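Enquirer: I need the structure of the sequence given here:
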Amino acid sequence: MAAAKVMATVAASNTATAALLFRGPLRRSHGFSLGLNCNSNGLAPKRRLFTCRALYKPEVQIKEEGQPETLDYRVFLVENSGKKVSPWHDIPLHLGDGVFNCIVEIPKETSAKMEVATDEAHTPIKQDTKKGKLRYYPYNINWNYGLLPQTWEDPSFANPEVEGASGDNDPVDVVEIGETRGKIGQIMKVKPLAALAMIDEGELDWKIVAISLDDPRASLVNDVDDVEKHFPGTLTAIREWFRNYKIPDGKPANKFGLGNKPASKDFALKVITETNESWAKLVKRSIPSGELSLC
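Expert: Next up is the predicted model:
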């Protein structure tokens, strides 16, 4: 695919602007990319987040197709023009100043196992199935649950920090602990606070604990210790929920790496950066995509 060079001036903060040079592959156009250099040879010594071919300041709507709790039900993100976009590939990850976009898949206090369909065009959100039947958690999840766009847990990478477990072939999961119940497909602006290294049947399935910037207590929590102070017991509850939710179905409990403890915000940011880099390699086809949809 031919490379293109586009110089665009974009907002770097509420009070300043910066020019970004995009040299990544433009497989399709959704306005200017927020991207840094998508070519690995052009990376600066300091690791940086990739956001190639993302919508800049995305203005999207949620569009439902089919009836909820049916096999045909899909939740799409669409531009004002009606064009469908991917919540996984087209929504930018990084918003600057440690803030990230998060796509809500499962609203808090619900049990339908909703997830991005990574093998379907435009990667809509659908209810997961097993043997042709819709899947539900055995009990409600107590937090908003979703994904970080433009991240990917590479199944070919055995992480030496987490017992050599390989990625689960999905975007990185987010557990948002704020008080407001989200909506399926909603884009939340969140800041990461901690990370849990869940190991599900040998696969590494990161859980990034975060909070919406709109939450009244968002300014009070900035790292893992703050969560315990202002949301006492929450990190333990999240770990135990994900450890045990498969037991009612007769499966063993999930395990956790990193000494069974939540890692710091800095570690969570490291996970986000690494999985964003893996996603960039995936969409460049530097890594085989298998059945994953890249559009």
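
Enquirer: what lines up beside the helix or strand encompassing Pro138 in the sheet?
Expert: Taking DSSP states H and E as the definition, Pro138 sits inside strand 136-141. When pairing is defined by DSSP bridges, strand 136-141 lines up against strand 110-112 (antiparallel).

Enquirer: Would you mark the buried spots in the strand it pairs with?
Expert: If you call a residue buried by 16 or more other Cβ atoms under 10 Å, then strand 110-112 has these buried ones: 110, 112. Using the backbone N, CA and C atoms, a C-beta is placed for each residue, glycine as well.

Enquirer: could you give the mean pLDDT of that strand?
Expert: Averaged across strand 110-112, pLDDT comes to 98.

Enquirer: Which residue ranges of the stretch 151-295 of the chain form helices?
Expert: Under the criterion DSSP state H, counting those that start in this stretch, the stretch 151-295 of the chain contains helices at 224-230, 234-244, 265-283.

Enquirer: what bridges to Val209?
Expert: Under the criterion used (DSSP bridges), Val209 bridges to Val175, Ala194.

Enquirer: hang on, isn't it packed against Ala237?
Expert: No: here Val209 does not reach Ala237: they are 10.9 Å apart, not a contact under Cβ atoms under 8 Å.

Enquirer: So for these two, which sits in the more crowded spot?
Expert: When neighbours are counted by other Cβ atoms under 10 Å, Val209 comes out ahead of the other of Val209 and Ala237, with 27 against 14.

Enquirer: ok, now which ones touch the more buried one?
Expert: Taking Cβ atoms under 8 Å, 6 or more residues apart in numbering as the contact definition, Val209 lies against 174-175, 177, 192-196, 224, 227, 234-235, 238, 262, 268.

Enquirer: most surrounded residue in the residues you listed?
Expert: Counting neighbours by other Cβ under 10 Å, the one among those with the most is Val174, which has 29 neighbours.

Enquirer: what sits against it?
Expert: Taking Cβ under 8 Å, 6+ apart, we find Val174 in contact with 102, 145-148, 190, 207-210.

Enquirer: Quick one: find the helix or strand in this structure with the lowest mean pLDDT.
Expert: Taking mean pLDDT, DSSP states H and E as the measure, the chain has strand 17-22 as its least confident helix or strand, at a mean of 30.

Enquirer: after that one, next one along is what?
Expert: Next along the chain from strand 17-22, counting by DSSP H and E, comes strand 60-65.

Enquirer: Please give the centre-to-centre distance between stretch 266-283 and its chain.
Expert: With Cα atoms, centre = their mean, to the nearest Å as the basis, stretch 266-283 stands 10 Å off its chain's centre.
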